[in-house]
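A.B. asks: with the sequence up front, the predicted model follows.
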Amino acid sequence: MFKFSYNWLKAESEIGADYDGLLEWLNLQGFEIASIEDYGDDKAVEIEVKANRPDMLSVAGVLREYYAGRGRRETKNFTPDVPLELTDDNGVLSHRIVVDSKDVHRYCAAEIRGVDNTGETPEYIKDRLMKSGIACINPIVDISNYVLLQIGQPIHIFDADKVKGDIRIENVHAPTKFTTLASTEIELPTGALLISDDENPLCVAGIIGGHAPEVTAETKNIIIESANFDHIIERVTSKKTHVQTAASYRFERGVSPATALPGALICIKMITELCGGEYNKTGYMYTDGTSAGPQTITVTKKRINSVLGSDLDIPQICKYLNDCFFGTECDDGENIKITVPDFRLDIEYDVDIIEEVGRMYGYHNIEPQPIKLYAPYVENPVNKNANKLRDIMVGFGFIEVLTYGFIPGSAMQMLHIKEDSEYYGDIKILNPLNNFYELMRPSLAYGLISTAVSNMSVGKNDLRIFEVGKRFFRQKDHEDGYNEKNVFAALMTGVKLGRGFGIAKDAKFSVYDAVSLLDAIMREFNIKYEIRPTDGLGMFEQGAGGDIYVNGRRIGYIGKIDPKVLLEFENGKLARDDAAYLEFCFEGFEETKRSIEFDSAYPSVTREYNFLVKNGLHFTDYSPEIKAASDIVVNVSPRDVYVGAGVPKGFTSVLIRVEYNDPTRTLDFEEIAQVESVFLKALSDKYGITIKL
Amino acid sequence: MAQFIDDKKRELAEKLEQSDAPDKLQGVETAFRKVMKELFAEMKALPNEQKKEVGAAINDFKKDFEERIAAAKKKIAELSKKDLAVDLTVPSPEFIRGKIHPLIRVGRMFEEVYKEMGFSIAYGPEIENDRHNYEMLNMPYYHPARDMQDTFYLEYPKVLLRSHTSCVQVRYMLEHKPPFMIISPGVVYRVDEIDPQHTPCFYQVEGLVVGEGINLANLKWAVMESVKRVFGPEYKVKFSPCYYPYTEPSAAVDMGCIMCGGKGCRTCKGTGWMRVAGAGMVHPNVFEAVGYSRETVGFAFGWGLNRLPMLYYKILEMRKLFENEISLWEQL
Ligand SMILES: [Zn+2]
């Protein structure tokens, strides 16, 4: 972000300025207008500057961009005519300057003696700083900030009388405490660039100053620092210390070493004019030799057009580049040798040049072209299964919900899931928004139950909801020690069939409906499954929970949610009815082809039997006995289960329908009676199951 | 004779008036036929000079009364229809379809469109590491662009929740050689306090096309064509220069604001546009990181999927997407 006074920009411009034209151009070039503050005769315009264009974080930068849009090919020279001899002799100023770090690319220092800092900062400076959101302190400090906004060069000014001995710039070798100007104590990470004198730390280079060398109204003699520090150490230090200043913001994005000297010169000129004093005609300049001289890149016309999908010729390409101050040379009509202006630190590769050509040409002028590429289509079974599950559920009247992947830290206790369970979750986020969002979910149950109760709190008690999402768990041998699977979960509660239209009484969801749902889904996928009693997933009511197995592998669980679990949730007391839940992993589901069996030409005979079954027995275990009695038993299906009046304690009454058929002849009743007696005996002998009288 | 005709007329009309059922009407009709027979028989007995006048009167009577019977029949038929009819405007609650979440719905629309264009769908993990999420995407640890994607960590700085689905593209490139066209839809996480327009996780559909001859104009086509097919041809799409570390050149994609039709409103912060995607030509540094040559060409785009259901269903608050108020989704 960069906020500036429009009038300032206009005053600096050598070609006048057109407010609407400026904003339109900035917008077109991707510098979005973030805000505009209206000051009557002036406007403070804030633009969004992406990380690649730190050169736009100054009035000079915005002016350059304005010139680029107007085709004025010469940038404004902000460097004043101030004679200053530069030397690398570090003893030239009143304090010796010792640069001892590879992270310093430039260090320009100049000295002014005998300044008067007791006056008022001129109105125009105050006004321009205020519109950029910078507070006024005293004339010298304000001028240093003014230069930062004007040309983007961070400036630091020391009170020379407060510095004890040498000014030394070096990387700290261990975490070091530092107290900032704002009196907050921070800890500098190892490697941070610290500027100290013989006794005290003075400032964190390029980031923030300390109290020791502070410039105040009484300051008489100053040393101006206009330096260039490496962006990586600036970024790391700013991040680790959580200190971000206008200076650090620019350094971590990149400041051109070319502005170090102009920054010092502008300061000298403004301070001597406004605060008096005499400047030392010799200044100190340290240069590390890197990043000197303009960079050149060669790009071909063919490459530009092939990346953009355009058909630009050499004169067009050169015009666009020249307009944004790149030098171009092309002798053969194909290879363009490009000189990058020193303020464009972001230009490294040919693609960077191509983007410049593209934006100057205008993205809106690029004609869309259909893709002419053949790439083989690869099916994604997880995506296919997820969508199939969604379609199945929509058919059953279920509504899909999406909940966050992270759940409260207390969710495992709420769901009564114990630490030894496979479904216990302990993957925590280090920096959660708050403790409601700190645990990576090991199951979708928390999300679905909380969705259900929150809907109950607005009077919706009859719910059928589902979710498709990831569950997360630890796995030592998997990459980084974590793994995740795509799972499906559904919750149903309340009325499934309301009274009226032939139904005498509201019929409500029970755990058997969850089984029915699972069965229907598995039939759609043509997958054989088994439900075994759960080994203690505490979420379910005692005896009413089971694990779902496919091919001997547990893929999920199903059951009636323990009402005590519901009570753990806010508004959980609103749950009046049974809530049935199922969840399973559907990765690896593969639908196998089926063939249809044609009906027998002879009629079937259907009989229903009401059995008295001891609790704990499974239909899937004992029903095969019926089928085994004879080949004429073609279908055995449960029709109802009932517990209550007329059924002894510990037993369940189960109504079973049996279909008899022989594809070659019509069956007679005696034959059926014969088969009946076979399975009735088997059921009785093996399972103690009798016909309920 | 005329008096007699008038009497019969009145008599029959009275009966007709009282006929409110088909059987009664049948009686009137029979009586009428009988009267007609009598009248014609009597007319025959009249002297010739009277026959003409009386005959005309009888014919008028006949024609008039037949019309009245027909009208009465129609009326009764209509009445009886109503008596028998059930109110077919009352649905029983038997058949109710469920609903797919609006995010997934819009996501599926895009998936379908891209599949038609020949894209495959790639998935990847939500728990990621720094290498896939940042480093290989030209965002080393000191890159300021990391500020754009404030990240949740499980183990700092190595293990994190992916802040974009671009890491799926990285994984895909590590395992496949061009040419390919993929999209990677999925959940991404960013440290964002929950407020009407922000949620700590949201959905993205990213696309990646790598192969010879791929250019920015193809990218523009793929993006514009998908908007056209999902939202309809009347939607305006704008491309403008932008910056992402993993693409160069980069573009921002805006759609005309649906709330104000482009005039500027609160939803679009007065600009008339809504940012819906970022895109660009894949940066050579990314290709190099996954072991391709720097000369490889390809484009990538990324839709912020939360914005699109907002546009599609006029859901004004992003956070509503995760509040799961069932009564809202029932309206879909
Ligand atoms: Zn709008």
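C.D. replies: Ah, there it is. All of these numbers come straight from a predicted model, not from anything done at the bench. Residues are numbered from 1 along each chain as shown, chains lettered A, B, ... in the order given.
A.B. asks: ok, now which ones touch the residue in chain A positioned nearest to chain B?
C.D. replies: Nearest to chain B in chain A, going by C-beta to the nearest C-beta, is A:Gly309, at a distance of 2.7 Å. To be clear about C-beta, it is placed using only N, CA and C from the backbone, and glycine gets the same treatment. By C-beta atoms under 8 Å, 6 or more residues apart in numbering or on different chains, A:Gly309 lies in contact with A:366-367, A:369, B:215-218, B:220.
A.B. asks: closest to the ion out of those residues?
C.D. replies: B:Lys220 (23.3 Å; C-beta to the ion).
A.B. asks: helix/strand/coil for the closest one?
C.D. replies: For B:Lys220, the assignment made with DSSP: H, G, I helix; E, B strand; the rest coil gives helix.
A.B. asks: ok so, going back, give me the ChimeraX select line for the contacts of A:Gly309, limited to the buried ones.
C.D. replies: Selecting only the buried entries of these in ChimeraX, with 16 or more other C-beta atoms under 10 Å in any protein chain shown as the criterion:
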select /A:366,369 /B:215,216,217,218,220
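A.B. asks: in JSON lines: the contacts of A:Gly309, plus pLDDT.
C.D. replies: Output for the contacts of A:Gly309, formatted as JSON lines (pLDDT from 0 to 100):
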{"residue": "A:Ile366", "pLDDT": "95"}
{"residue": "A:Glu367", "pLDDT": "95"}
{"residue": "A:Gln369", "pLDDT": "97"}
{"residue": "B:Asn215", "pLDDT": "97"}
{"residue": "B:Leu216", "pLDDT": "97"}
{"residue": "B:Ala217", "pLDDT": "97"}
{"residue": "B:Asn218", "pLDDT": "97"}
{"residue": "B:Lys220", "pLDDT": "96"}
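A.B. asks: which ones among the contacts of A:Gly309 are found in helices?
C.D. replies: Members of those lying in helices (criterion: DSSP state H): B:216-218, B:220.
A.B. asks: the residue in the stretch 351-500 of chain A positioned nearest to the ion: what secondary structure?
C.D. replies: Nearest residue of the stretch 351-500 of chain A to the ion: A:His364, at 20.2 Å (C-beta to the ion). Of the three states, A:His364 takes helix according to three-state DSSP.
A.B. asks: count the neighbours of it for me.
C.D. replies: For A:His364, the count of nearby residues is 10 (other C-beta atoms under 10 Å in any protein chain shown).
A.B. asks: now swap in A:Asp323 and tell me
C.D. replies: By the measure other C-beta under 10 Å, the count of residues near A:Asp323 is 17.
A.B. asks: isn't it right next to A:Tyr66, touching?
C.D. replies: No. When contacts are counted by C-beta atoms under 8 Å, A:Asp323 is not listed as touching A:Tyr66 (11.6 Å).
A.B. asks: domain assignment for the chain?
C.D. replies: By default, I'm working from chain A. Segmentation of chain A into domains, based on automatic domain parsing, reads A:2-70, A:85-287, A:295-365, A:381-585, A:605-691.
A.B. asks: um, chain B though
C.D. replies: Here the domain parsing of chain B from automatic domain parsing is B:2-84, B:102-329.
A.B. asks: please work out which of the ones you listed is packed deepest.
C.D. replies: Comparing those by mean neighbour count (mean count of other C-beta atoms under 10 Å in any protein chain shown), domain B:102-329 comes out on top with a mean of 20.
A.B. asks: and it, end to end?
C.D. replies: End-to-end span of domain B:102-329 (C-alpha to C-alpha, to the nearest Å): 8 Å.
A.B. asks: report the helix or strand with the lowest average pLDDT across the chain.
C.D. replies: Assuming you mean chain A. Of all helical and strand segments in chain A, the minimum by mean pLDDT, DSSP states H and E falls on strand A:530-533, at a mean of 88.
A.B. asks: my bad, chain B
C.D. replies: helix B:307-313 (a mean of 78).
A.B. asks: let me know whether that helix sits next to chain A.
C.D. replies: No. Helix B:307-313 lies apart from chain A when judged by C-beta under 8 Å from any C-beta of the partner chain; the minimum separation is 10.7 Å.
A.B. asks: which other residues reach that helix?
C.D. replies: With C-beta under 8 Å, 6+ apart as the test, helix B:307-313 has contacts from B:102-103, B:105-106, B:110, B:230-231, B:255, B:258, B:274-276, B:315-316, B:318, B:321, B:332.
A.B. asks: in the longest helix anywhere in chain A, which residues are buried?
C.D. replies: For chain A, the longest helix by residue count, based on DSSP H, is helix A:669-687. For helix A:669-687, a neighbour-count test (16+ other C-beta under 10 Å) marks A:672, A:675-676, A:679-680, A:682-683, A:687 as buried.
A.B. asks: try stretch A:587-603
C.D. replies: Going by neighbour count (16+ other C-beta under 10 Å), the buried part of stretch A:587-603 is A:Phe589.
A.B. asks: could I get the CA-only coordinates of it as CSV?
C.D. replies: What follows is stretch A:587-603, C-alpha atoms only, in CSV (Å, rounded to 0.1, in the frame of the first residue of the first chain):
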residue,chain,number,x,y,z
GLU,A,587,-11.5,-43.9,-1.1
GLY,A,588,-11.0,-47.0,-3.1
PHE,A,589,-14.6,-47.7,-3.7
GLU,A,590,-14.9,-49.1,-7.1
GLU,A,591,-18.2,-49.9,-8.8
THR,A,592,-18.2,-53.4,-10.3
LYS,A,593,-20.3,-54.2,-13.3
ARG,A,594,-23.6,-56.0,-12.6
SER,A,595,-25.8,-58.2,-14.7
ILE,A,596,-29.5,-58.3,-14.3
GLU,A,597,-31.2,-61.6,-13.3
PHE,A,598,-34.5,-62.0,-15.1
ASP,A,599,-37.6,-62.9,-13.1
SER,A,600,-38.8,-66.5,-13.1
ALA,A,601,-41.8,-67.2,-15.4
TYR,A,602,-43.5,-69.0,-12.5
PRO,A,603,-45.2,-67.1,-9.6
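A.B. asks: state the mean pLDDT of that stretch.
C.D. replies: The predicted model gives stretch A:587-603 an average pLDDT of 80.
A.B. asks: just to revisit the earlier point, give the pairing partners of the least confident helix or strand of chain A; include direction for each.
C.D. replies: Applying DSSP bridges, strand A:530-533 is found paired with strand A:540-550 (antiparallel).
A.B. asks: what's the spacing between the strand it pairs with and its chain's center?
C.D. replies: Going by C-alpha atoms, centre = their mean, to the nearest Å, the spacing between the C-alpha centre of strand A:540-550 and its chain's C-alpha centre is 37 Å.
A.B. asks: show the average pLDDT along that strand.
C.D. replies: Here the average pLDDT along strand A:540-550 is 92.
A.B. asks: what sits against the closest residue to A:Leu680 other than its chain neighbours?
C.D. replies: Distances taken as C-beta to C-beta, 6 or more residues apart in numbering or on different chains place A:Ile691 nearest to A:Leu680, at 6.9 Å, with adjacent residues excluded. A:Ile691 is in contact with A:609-612, A:680, counting by C-beta under 8 Å, 6+ apart.
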